[in-house]
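1. sequence plus the predicted model coming up.
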Amino acid sequence: MTDALCGPSNPLQHLQKHTSVDRTLQQDRLVGPRHSPVQDFRSQSQNAGILDPEFNAFQAGAPIAAEPPQFHHPQQGPARQFDPSVQGGPSNWAVDFQRLNLSNSASPLPQQKSAYQPPAQRSGPGGWHQEFMQHEVHPQPVSSPLAHQAYQPYMGHGVGNFQSQFAPRAGQPQQQQPAQADKGKEIWDDEAFEQAFDSARLAMLGQEEQGQSRTKETLEQLTEPTEITVQPTNLDHISEQARIGADTIDHQESNNRTEEEITRDENDELARVAGDLLDKVKDDQSQKFQQSNFLALMRRFRDHEVRVEGDRVVNNESSPERNNSRMTGAVDSEGTGMGQSHGFA
Amino acid sequence: MLEFRTQGFNGYGVKYSPFFDSRIAVSAAANFGLVGNGRLYILGLTPNGIVAEKWYDTQDCLFDTAWSEAHENQIVVASGDGAVKLFDLNLDNFPVQSWHEHKREVFSVHWNLTSKDTFCSSSWDGTVKIWNPTRPASILTLPTNSCTYSASWSPHSPFLLSCVSSDSHLRVFDVRAPTVSGTTNHLVSATSIHNAPAVSNTPYACTIDGPGSLLPPIPPTVPRLANGTFPPSECLTHDWNKYRDTIIATGGVDRLIRTFDLRMPSQGPLAVLPGHGYAIRKLAWSPHLPDVLLSASYDMTCRVWTDGIGLGVGGPGVSMGKTSEVVQGPAREMGRMARHTEFVTGVDWCLFGAEGWCASCGWDERLLVWDVRAIMG
């Protein structure tokens, strides 16, 4: 490119340089993201990729092809694509340019609709170009000026981006490119876009799967220090297992009994539980068990000498009171002695 | 042996402060926890004996307590009415926070020892809940569908917690693990505690006492099924070993202490320690020794055990090793303390000072502070 700018040149040389540059650009766009700011930009700019083929085609056949060289002038340096004064074109072009610049950065779709009326004609990247060519050949008073205005700024925009971000010093006039070659490129573009999108989608899926498996792997690794294998836990044996201990106690209270009935029943239950508990320790002749205050209380419960009333244990007179179902936890599995007393916990 | 009388209240849980070597908390209940109020005692060990520095009365009995690992003045309690309450010792009378999500009695609370910003609670309603003291609601609810007597964080990982429950199972949860379904929330293993003991003893095997079983014989009074397994029985307590990060000890209604290796939990217990006459209510591994275990039981005794696997020279239960060599001796009871006159419900080791100090509480309305080394035979 330096040669193209500074060295002795002939048109053929320029053409070669240009085509090689252009192919690089196309491939850059199609092969997928690379680590260049241009690619970052292009992936964000939905319009740029659409417009390039039309731009080429337009340059090949459009009557205003003489204008672009104005801002491709080698002396100009990096084009300031948003500066209307540089364009040197008609004043309304500059206005449109600014408006469309907004559309490209902020909300492309609605603005595109206004610029490309009717939107239905924009079936694909090549559609607009064909439509435009028709307009050139057979000018239609209604849509042609609009399309024309919209087209020019986009051209300037795309080229400007190209110059400023990718090849600031490659100010080669692209209109020298033959239209025929551009058409071939367009077809290739469509297919390649599809392929590129397909491959990108596959790549993303692959990354996703990889991400999932990595999550599992990470989990296993994180778990590894304690050597706990994340294994499918079969809990069937638990659900099949007969419930024991506290789990056998049904907390569902029947509603069709009066509170008095419930409390009387529960105090009866408490007495029964206390009796069961004492039965289990009756063989224990140790002094501590004989003198245990708790077991003494249990004896009094068993013999209905005391009862639970509200939050207190009181001497029995007549009416039993609410029982705390923790007590009933004391009756459960058999043959384990006082163990059931944990039910008091 | 020092003593403090929790007059009118039967002790349920005891915990040494992780910040002060002279501070002990006891959660207690009136009427043996059948009905009535609860009380949280904050006790100080002074030259003049144990004194109550502060106490908090609660509406319902308090089954367990746990000191905050992050704030020296904060402590949570597990209440019989399903509430979990956080007290700040700078404030009198009332808790600074109270959560009422459990539908039934809360049996245990345990603070996360490694991340220190969460704690867990377990309840008769068949759930384990994870809490952050600054949040108004629980962070996570782990279902067990069984009365869950004890839940405990791993001392080695901020993500692992375990629980034991009425259905004779030891569950381990990893809060990082994916949620599979409603019943396997974060569950990474559920081990049948009543499984037959492992055939070969342990992967550490390095016998120092010659041939023969390293496990004490399981007495014929312990019921066994034909296939070698035990009948399922409620598991009331468990604890993570503080040095061997995959070892958990369990104890419960069948009066046996078992140790499990989480790397191969389905192979059954590594060690089975018979001895207690009635159900085992509380277990605690020593914070100083890798093989020493303290238990409290309804048989009114506390016992000290070794599971036979010690690190270092000098044999198990002797001292902290100077090398990482693993030795194994017989698992056995090393001593018992029989001063309590009612069921013993709580034990805890002192983290500070000499390695044998511990505290126990029981339904005899007494807190005892004593040295395990004095009872080791």
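-> Everything's here; your move. Numbering: from 1, shown residues only, chains lettered A, B, ... in the order given.

2. now residue B:17, nearest residue through space, not along the chain?
-> Nearest residue to residue B:17, sequence neighbours excluded (C-beta to C-beta, 6 or more residues apart in numbering or on different chains): residue B:23, at 3.8 Å. Bear in mind the C-beta positions are built from the backbone N, C-alpha and C, glycine included.

3. could you check how far the residue nearest to residue B:22 when sequence neighbours are not counted is from residue B:83?
-> If the residues on either side of it in the chain are set aside, residue B:22 comes closest to residue B:45, at 4.1 Å by C-beta to C-beta, 6+ apart. Distance, residue B:45 to residue B:83, by C-beta to C-beta, to the nearest Å: 29 Å.

4. mind saving the C-alpha coords of stretch B:370-377 as CSV?
-> Output in CSV follows, covering the C-alpha atoms of stretch B:370-377 (Å, rounded to 0.1, in the frame of the first residue of the first chain):
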residue,chain,number,x,y,z
TRP,B,370,-13.8,-30.8,83.5
ASP,B,371,-10.6,-32.2,82.0
VAL,B,372,-10.9,-35.3,79.9
ARG,B,373,-7.4,-36.3,80.8
ALA,B,374,-8.5,-36.9,84.4
ILE,B,375,-10.8,-39.7,83.4
MET,B,376,-8.7,-41.4,80.7
GLY,B,377,-7.7,-44.8,81.7
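
5. contacts for the helix or strand harbouring residue B:39?
-> When secondary structure is defined using DSSP states H and E, the element that contains residue B:39 is strand B:38-46. Taking contacts as C-beta atoms under 8 Å, 6 or more residues apart in numbering or on different chains, the residues outside strand B:38-46 that touch it are B:2, B:4, B:6, B:9, B:21-30, B:50-62, B:65, B:75, B:77, B:79-80, B:87, B:89, B:367, B:369.

6. so where's chain A shaky on pLDDT?
-> Within chain A, the set of residues satisfying pLDDT under 70 comprises A:1-50, A:62-189, A:204-239, A:251-260, A:317-345.

7. narrow the contacts of strand B:38-46 to those in helices?
-> Among the contacts of strand B:38-46, no residue falls in helices (DSSP state H).

8. which among these count as buried?
-> Among the contacts of strand B:38-46, the ones that count as buried by 16 or more other C-beta atoms under 10 Å in any protein chain shown are B:4, B:6, B:9, B:23-30, B:50, B:54-56, B:58, B:60-62, B:65, B:75, B:77, B:79-80, B:87, B:89, B:367, B:369.

9. what's stretch B:369-377 in contact with?
-> Outside of stretch B:369-377, the residues within contact range by C-beta under 8 Å, 6+ apart are B:1-4, B:24, B:45, B:50, B:292, B:294, B:304, B:317, B:334-337, B:339, B:354, B:356-360.

10. repeat that for 6 Å
-> Surrounding stretch B:369-377, the residues in contact under the criterion C-beta atoms under 6 Å, 6 or more residues apart in numbering or on different chains are B:1-2, B:304, B:334-335, B:337, B:356-359.

11. distance between that stretch and the chain's centre?
-> The chain centroid and the centroid of stretch B:369-377 are separated by 19 Å, computed with C-alpha atoms, centre = their mean, to the nearest Å.

12. state the mean pLDDT of that stretch.
-> The average pLDDT for stretch B:369-377 rounds to 90.

13. any buried residues in it, and which?
-> Counting neighbours by 16+ other C-beta under 10 Å, one finds that the buried residues in stretch B:369-377 are B:369-370, B:372, B:375.

14. which ones among those residues are found in strands?
-> Filtering the buried residues of stretch B:369-377 for membership in strands, criterion DSSP state E, returns B:369-370.

15. which ones are touching residue A:311?
-> For residue A:311, the contact set (C-beta under 6 Å, 6+ apart) comprises B:35-36.

16. whoops, residue B:358 was the one
-> With contacts defined as C-beta under 6 Å, 6+ apart, residue B:358 is in contact with B:294, B:349, B:372.

17. can you do 8 Å?
-> Residue B:358 makes contact with B:284, B:294, B:302, B:347-350, B:369-372 under the criterion C-beta under 8 Å, 6+ apart.

18. what of residue B:173?
-> B:128, B:142, B:160-163, B:185-188.

19. phi first, then psi, for the residue of the stretch 1-150 of chain B found nearest chain A.
-> Closest to chain A within the stretch 1-150 of chain B is residue B:147: 3.7 Å, counting by C-beta to the nearest C-beta. Backbone torsions for residue B:147, taken as degrees, to the nearest 10, come to phi -50, psi 120.

20. ok, residue A:266 next?
-> Note on residue A:266: its backbone torsions stand at phi -70, psi -40 [degrees, to the nearest 10].

21. test my guess that residue B:74 contacts residue B:117.
-> No. If you go by C-beta atoms under 8 Å, residue B:74 and residue B:117 don't touch, sitting 11.9 Å apart.

22. what sits in contact with each of the two?
-> Joint contacts of residue B:74 and residue B:117 (C-beta under 8 Å, 6+ apart) are residue B:133.

23. okay, these two: which has more neighbours?
-> The neighbour count for residue B:74 versus residue B:117, taken as other C-beta atoms under 10 Å in any protein chain shown, is higher for residue B:74 (20 against 15).

24. dump the residue contacts of the residue nearest to the more buried one when sequence neighbours are not counted.
-> The shortest distance from residue B:74 to any non-neighbouring residue, by C-beta to C-beta, 6+ apart, is to residue B:68 (3.8 Å). Counting by C-beta under 8 Å, 6+ apart, residue B:68 makes contact with B:74-76, B:86, B:111, B:116, B:119, B:133.

25. per-residue confidence for residue B:68?
-> Model confidence at residue B:68, expressed as pLDDT, equals 96.

26. how close does it get to residue B:2?
-> For residue B:68 relative to residue B:2 (C-beta to C-beta), the value is 25 Å.

27. what separates the closest residue to residue B:38 other than its chain neighbours from residue B:47, distance-wise?
-> Distances taken as C-beta to C-beta, 6+ apart put residue B:62 closest to residue B:38, at 3.7 Å, once the chain neighbours are dropped. In this view, residue B:62 and residue B:47 are 29 Å apart by C-beta to C-beta.

28. near chain A, which residues of the stretch 1-150 of chain B?
-> Remark: the part of the stretch 1-150 of chain B in contact with chain A comprises B:10, B:12, B:31-37, B:63, B:80, B:104-105, B:107, B:124, B:145-147, B:149, using C-beta under 8 Å from any C-beta of the partner chain.

29. I figured residue B:195 hits residue B:266, correct?
-> Yes. Under the contact definition of C-beta under 8 Å, residue B:195 touches residue B:266, with a separation of 7.1 Å.

30. which parts of the stretch 251-377 of chain B are strands?
-> When assigned using DSSP state E, counting those that start in this stretch, the strands of the stretch 251-377 of chain B occupy the ranges B:257-261, B:271-273, B:280-285, B:292-297, B:302-306, B:309-311, B:326-328, B:332-337, B:344-349, B:357-362, B:366-371.
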